[in-house]
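Novice: build me a structure from this.
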Amino acid sequence: MKPAVSNMLKTRLYDGHKAIPDTATLILSGPMANVVSYSIAKQFPASQLLVSPRIGQADRFVSLPDGTQLQCADHALLDRLPQQGKTEGLVAWLEQRWWVALVCLVITVSGLLGAYFIGLPMAAEHISTRIPMEYERAIGEQSLAWIDARKIFIPSKLDPDTQRLIEEGFAKLHQDLPLAAHYRLEFRHSPAIGPNAFAFPGGIIVITDEMVQKAESPGEALAVLAHEIGHVERHHAMRHILQDSAVATLAATLTSDASSLSLAVSGLPVMIAQTKYSREFESEADEFAFQLLKQHDISPELFASLMERLSEKHGADESTWSFISSHPITAKRIARAREAAAK
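Specialist: Below is the predicted model of the structure:
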């Protein structure tokens, strides 16, 4: 035989006047319910009491007709009183199974990771192609001016003939491209950065004197510029900015800290100059460059040769601003360039 359910239950009484509850006993006697403590003794029809729904192992509340409440652990005695809502069904079933919460957590985390690694890049790509080039150019101009003002870049020391020769080759490279009207080539001297080239938003491309001097021919310098043109045509700088800004905006929203957003905006010039493009972006720019070079009878072998020399010089000793750091060179990239040249 099952043991009889006790008709007494220890509870805590909240009278609505004191923050600290009183200890009270709930006693069921036939159709009546008695609430007894050291200072009160109340009696109500049991049918007028209302018990809160069962939620896992949480305490339950019993509402009394006079507006007071009893709080107590779940107990079989409470099943004999009127219930507020259903204690069964889907909600109750879910509330009593911790593994369901774990599965939901895994799904939520997976969704957030998917949004970050897949959704955010797709959105950035979609938005970047719809931003007017005038806006991109404004960002590029401001970023370049910021870097110039801090003497990271100083005026080029290349002789005019060398600059003109490279400018003419650069003009031929981009003359038939969709964004041809927006390109501008800038030469800068920068011992701190060394051999490097940057694609700023809006079609501004900067190549350092050191990179031109490292190239053994104008064709090698043009091979580097073709790669930067690939970044411009694919809007990689804006996509990179949008992705980083989206993360900063989300962080500012979640933390209510506007400084994270202002920091992202104020740091754009440095971020652009130090951009470490993803392997996907680098591969896209490489493939674009190889096709563009071949269209102008320039062998991608020139790109491979220059990258190989840069890689041998810097090795594992990469500076923060080096071309190796901002455009990681791998054996696969060099091999792809030679494979493109051989086709």
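Novice: just confirm E186 contacts G202, I think it does.
Specialist: No: using CB atoms under 8 Å, E186 makes no contact with G202, being 11.9 Å away. Bear in mind the C-beta positions are built from the backbone N, C-alpha and C, glycine included.
Novice: who's more crowded, these two?
Specialist: Each of E186 and G202 has its neighbours counted (other CB atoms under 10 Å); G202 has more, 26 against 15.
Novice: where exactly do the helices run in the stretch 51-200 of the chain?
Specialist: Assigned by DSSP state H, counting those that start in this stretch, the stretch 51-200 of the chain shows helices spanning 90-95, 98-114, 120-128, 133-149, 160-174.
Novice: got those helices as CSV, with mean neighbour count columns?
Specialist: Formatted as CSV, these follow (neighbours: other CB atoms under 10 Å):
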stretch, mean neighbour count
helix 90-95, 12
helix 98-114, 10
helix 120-128, 16
helix 133-149, 17
helix 160-174, 15
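Novice: turn those helices into a markdown table, including mean pLDDT and distance to P45.
Specialist: Converted to a markdown table, the helices of the stretch 51-200 of the chain look like this (pLDDT from 0 to 100; distance: least, CB to CB, whole Å):
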| stretch | mean pLDDT | distance to P45 |
| --- | --- | --- |
| helix 90-95 | 64 | 27 |
| helix 98-114 | 81 | 38 |
| helix 120-128 | 70 | 61 |
| helix 133-149 | 88 | 73 |
| helix 160-174 | 96 | 89 |
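Novice: of these, which approaches H236 most closely?
Specialist: helix 120-128 (8.5 Å; CB to CB).
Novice: of the helices of the stretch 51-200 of the chain, which is nearest A223?
Specialist: helix 160-174 (9.8 Å).
Novice: quick one: list the elements packing against that closest one.
Specialist: Counting contacts by 3 or more CB pairs under 8 Å, 6 or more residues apart in numbering; DSSP states H and E, helix 160-174 is packed against strand 184-189, helix 218-233.
Novice: only C-alpha atoms, please: export that helix in CSV.
Specialist: What follows is helix 160-174, C-alpha atoms only, in CSV (Å, rounded to 0.1, in the frame of the first residue of the first chain):
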residue,chain,number,x,y,z
PRO,A,160,59.9,60.9,-62.2
ASP,A,161,60.8,58.6,-65.1
THR,A,162,60.3,55.5,-62.9
GLN,A,163,57.0,56.8,-61.6
ARG,A,164,55.8,57.7,-65.1
LEU,A,165,56.7,54.2,-66.4
ILE,A,166,54.8,52.4,-63.7
GLU,A,167,51.8,54.8,-64.0
GLU,A,168,51.5,54.1,-67.7
GLY,A,169,51.6,50.4,-67.1
PHE,A,170,49.1,50.8,-64.3
ALA,A,171,46.7,52.8,-66.5
LYS,A,172,46.8,50.1,-69.2
LEU,A,173,46.1,47.4,-66.6
HIS,A,174,42.8,49.0,-65.3
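Novice: now do that helix and helix 218-233, the angle between them.
Specialist: Taking axes from the mean of the first three to the mean of the last three CA atoms, to 10 degrees, one finds helix 160-174 and helix 218-233 inclined to each other by 50 degrees.
Novice: returning to what we had before: closest one to A221 among the helices of the stretch 51-200 of the chain?
Specialist: Closest to A221 of those, according to CB to CB: helix 160-174, at 5.4 Å.
Novice: what does that closest one rub up against?
Specialist: 156, 180, 183, 185, 187, 205, 207, 212, 218-219, 221-222, 225-226, 229, 292-293, 296 (CB atoms under 8 Å, 6 or more residues apart in numbering).
Novice: hmm, try it at 10 Å
Specialist: Applying CB atoms under 10 Å, 6 or more residues apart in numbering, the contact partners of helix 160-174 are 156, 158-159, 180-185, 187, 203, 205, 207, 209, 212-213, 215, 218-219, 221-223, 225-226, 228-229, 232-233, 289, 292-293, 295-296, 298.
Novice: of these, buried ones?
Specialist: 156, 158, 182-183, 185, 187, 203, 205, 207, 209, 212, 215, 218-219, 221-223, 225-226, 228-229, 232-233, 289, 292-293, 298 (16 or more other CB atoms under 10 Å).
Novice: in a markdown table, list the helices of the stretch 51-200 of the chain along with distance to R309.
Specialist: A markdown table is the format used below for the helices of the stretch 51-200 of the chain (distance: least, CB to CB, whole Å):
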| stretch | distance to R309 |
| --- | --- |
| helix 90-95 | 63 |
| helix 98-114 | 39 |
| helix 120-128 | 32 |
| helix 133-149 | 26 |
| helix 160-174 | 18 |
